[in-house]
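Asker: Whatever this is, show me its structure:
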Amino acid sequence: MELICYPPHSTIYLIDNPVYNVITTYNKNKLHINEIQWSNKLTLFVNGSVVTLVNPNPSDLLSTFIRDSLGLKGTKLGCEEGGCGACTVVLTRSDGEIISINSCLRPLCANDGLAITTIEGVGSIKSGLSVEQQRLVDKNGMIMYRITVI
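Answerer: Have a look, this model is predicted:
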C-alpha cells in the first residue's frame, strides 16, 4: 500500500496494491494524479504550536518525530506494533473529528494540516489542569495506567 501526502485540506489517497487488497478512495472531483499541486512542506499543530517541516523524510513515523525532533518524551515507544497504547496521541482533523491514534504506526507525512495533542498538551499543575483532570482531583478520582512489560 502506498500512502501519498498532499497539501493541507486535501484528500489522502490510497493506491491499490493487490497484495493488501486495498480499495482505492477517490475524491469527488476525481482529479488525475498529475493535476494535484505537490508541496515539499508539512505543517502540523502539536499541542497548539505550529510546526512546519520542509522535505520531511517520508519514512519517519509520528512517534519518533515527537520524541526525537520535538523532545516530547511523554509519548512512549513500547511494543512498536500498536498493541500496548504507550504511543497514543489525540489527532484532531480539519472537520473537527477527534480520534486517538497509535503514533508508532502513523507516518509523519499523513498528518499535514492536522492537530496533534500529546500527553504534555493535556495539562499539568504548572500550566493548569484540563476540565477532566480537575474533576478527577476534586472527586478524589483514581487514574489507572496501563503498564506494558517490555
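
Asker: Thr52 should be in a strand, yeah?
Answerer: Yes - assignment of Thr52 by DSSP: H, G, I helix; E, B strand; the rest coil places it within a strand.

Asker: ok, now how distant is Val131 from Val137?
Answerer: 11 Å (CB to CB, to the nearest Å). C-beta: built from backbone N, CA, C; applies to glycine.

Asker: more crowded one of the two?
Answerer: Val137 (11 against 7; other CB atoms under 10 Å).

Asker: these two touch, right, the more buried one and Gly128?
Answerer: No - using CB atoms under 8 Å, Val137 is not in contact with Gly128, being 11.8 Å away.

Asker: what about the helices in this structure?
Answerer: 62-64, 131-138 (DSSP state H).

Asker: Dump the last one to PDB, keeping only the CA atoms.
Answerer: It refers to helix 131-138. This file holds the C-alpha atoms of helix 131-138, laid out as PDB (Å, rounded to 0.1, in the frame of the first residue of the first chain):
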ATOM      1  CA  VAL A 131     -11.600  20.200  33.000                       C
ATOM      2  CA  GLU A 132     -11.400  16.400  33.100                       C
ATOM      3  CA  GLN A 133      -8.200  16.400  35.200                       C
ATOM      4  CA  GLN A 134      -9.600  18.900  37.600                       C
ATOM      5  CA  ARG A 135     -12.800  16.900  38.000                       C
ATOM      6  CA  LEU A 136     -10.700  13.800  38.900                       C
ATOM      7  CA  VAL A 137      -8.800  15.900  41.500                       C
ATOM      8  CA  ASP A 138     -12.000  17.300  43.000                       C
END
